[in-house]
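[1] Give me a 3D structure for the following:
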Amino acid sequence: MNTADKQLAQKLGLPVKSIRTWRETILEKGRHYDGQEYTTEGIKAIKGQAGIDDGEETPAPEPIFTLLTVIRRLPNPTWVIAKDPEGKQAQLRVRSSLRIAQGMKLQSVRDGSTWKCIHNGYAAR
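    Okay, the predicted model is just below:
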């Protein structure tokens, strides 16, 4: 059962010691595990003990910011031209473009119809 404990621990991302303890104290031989492997009922019982939801997978949350790549600086020191992940060019408001180099990736959010930099040290005021 040590091999089965290790495999299940790796699959669920849990410590082997926890699975072994649950097997010895809570699970029943024959119903939850059979000598060399866990039954589906045993796996569900372990997931229940660990608090792992066996339901549908939830979609990944939307990112809070988008990384924009600086293409060039504008004469106005608070704006740069940047490219979004889709390849579209956009004007990005920054604190000061004097320290910004071409190719830098800056964390930005959409603020209405414009982009606003939220990257530490470069964030627009």
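[2] what's the closest non-adjacent residue to residue 123?
    residue 117 (5.5 Å; C-beta to C-beta, 6 or more residues apart in numbering). The way it works is simple: take the backbone N, C-alpha and C, and place the C-beta from them, glycine included.
[3] if I look at the one you found, how far off is residue 15?
    Taking C-beta to C-beta, to the nearest Å as the measure, residue 117 falls 42 Å from residue 15.
[4] ok, these two, which is more surrounded?
    For residue 117 versus residue 15, the count of surrounding residues by other C-beta atoms under 10 Å is larger for residue 117: 26 against 11.
[5] isn't the more buried one right next to residue 97, touching?
    No. With contacts counted by C-beta atoms under 8 Å, residue 117 stays clear of residue 97, the gap being 10.0 Å.
[6] What distance do you get for the closest residue in space to residue 71 that isn't next to it in sequence to residue 120?
    Take residue 71 and drop its neighbours on the chain: the residue closest to it by C-beta to C-beta, 6+ apart is residue 81, 4.7 Å away. Remark: distance between residue 81 and residue 120 (C-beta to C-beta) = 21 Å.
[7] The two: who's more crowded?
    residue 81 (15 against 7).
[8] Name the SS class of that one, please.
    strand (DSSP: H, G, I helix; E, B strand; the rest coil).
[9] I'd assumed residue 94 was in contact with it.
    No. With contact defined as C-beta under 8 Å, residue 81 does not reach residue 94; the gap is 11.1 Å.
[10] residue furthest from the geometric center of this protein?
    Distance to the chain centre peaks in the chain at residue 30, reaching 38.4 Å (criterion: C-alpha atoms, centre = their mean).
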